[in-house]
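> need a 3D model of the following:
(one chain, ligands or ions: 1)
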Amino acid sequence: MLNLILFGAPGSGKGTQSEKIIEKYGLVHLSTGDILRNEISNHTDLGLKAKAIMDKGELVSDEIVIGMIENKLESNKNAKGFIFDGFPRTVAQAEALDALMVSHKQTISIMVGLDVPKEELIDRLLKRGQESGRADDNLETIENRISVYQKQTSPVMSYYNEQKKLRLINGLGSIDDIFGRIVDVINKL
Ligand code: B4P
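The predicted structure follows:
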């Protein structure tokens, strides 16, 4: 079973590359960002709470996102494997994920980190904001998302590096070139 964490700053290409990985390897896609946006468009209580937090570029509480992942693991017991996109985003989420994996007799196979400079992240997200109108893709929120990433999320890389599971790749270049680098890493497993 292949359980892959796709890691990187906002705009590093996690969602984009996840789609290609799923197509090639038939994994179940678990994107906490997509699940939260789905709650928002369905006007659920959780969606209402999440929207205010996401519009500021802050992180939704660990308890909520861990619960969401737990539900998805439970409802996909026959999966060939999972791709975790945008999760874990804090060390507490990483510890909870490890515990969930143990309880499902699974393990995280690898973390692929996409390395992209800050200026490129901002350019990509501003462009997406203009094209899609996503509420959190405006300059003020993007700056805060990147700062939240540096303070709260980047320590997750050290957590998996200590487990010798981190593979950091260059996230600059064409979408297909970057996908080729990810495939090389997966095929070495
Ligand atoms: P996410 O939905 O995870 O969004 P993201 O970090 O902005 O990355 P995304 O995957 O969408 O973008 P991508 O890099 O693919 O999170 C949104 C919010 O949800 C968070 O701020 C937080 O509030 C909340 N949240 C989510 N998970 C949470 C958790 N675990 N705990 C707490 N809160 C959580 O792509 C960006 C753009 O770049 C796209 O337009 C794409 O077309 C473009 N792009 C991609 N690759 C490119 C390339 N090679 N060259 C040029 N452009 C490229």
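
> the residue in the chain positioned nearest to the ligand: neighbour count?
At 1.8 Å from the ligand, G33 is the closest residue in the chain, using Cβ to the nearest ligand atom. Just so you know, the C-beta spots here come from the backbone N, C-alpha and C atoms, and that holds for glycine as well. When counting by other Cβ atoms under 10 Å, one arrives at 18 neighbours for G33.

> run a quick neighbour tally on R145.
If you count neighbours by other Cβ under 10 Å, R145 ends up with 23.

> how about the helix or strand containing it, which residues are buried there?
Element membership for R145, per DSSP states H and E: helix 139-148. Neighbour-count burial for helix 139-148 flags T141, I142, R145, I146, V148 (criterion: 16 or more other Cβ atoms under 10 Å).

> any idea how far the helix or strand just after that helix is from the chain center?
Downstream of helix 139-148, the next assigned helix or strand under DSSP H and E is helix 155-162. Helix 155-162 has its C-alpha centroid displaced from the chain centroid by 15 Å (Cα atoms, centre = their mean, to the nearest Å).

> which positions within helix 155-162 qualify as buried?
V156, M157, Y159, Y160.

> M111 is in contact with the second one, correct?
Think M157. Yes - with contacts counted by Cβ atoms under 8 Å, M157 reaches M111, the gap being 7.5 Å.

> which residues are in contact with both of those two?
F7, L166 (Cβ atoms under 8 Å, 6 or more residues apart in numbering).
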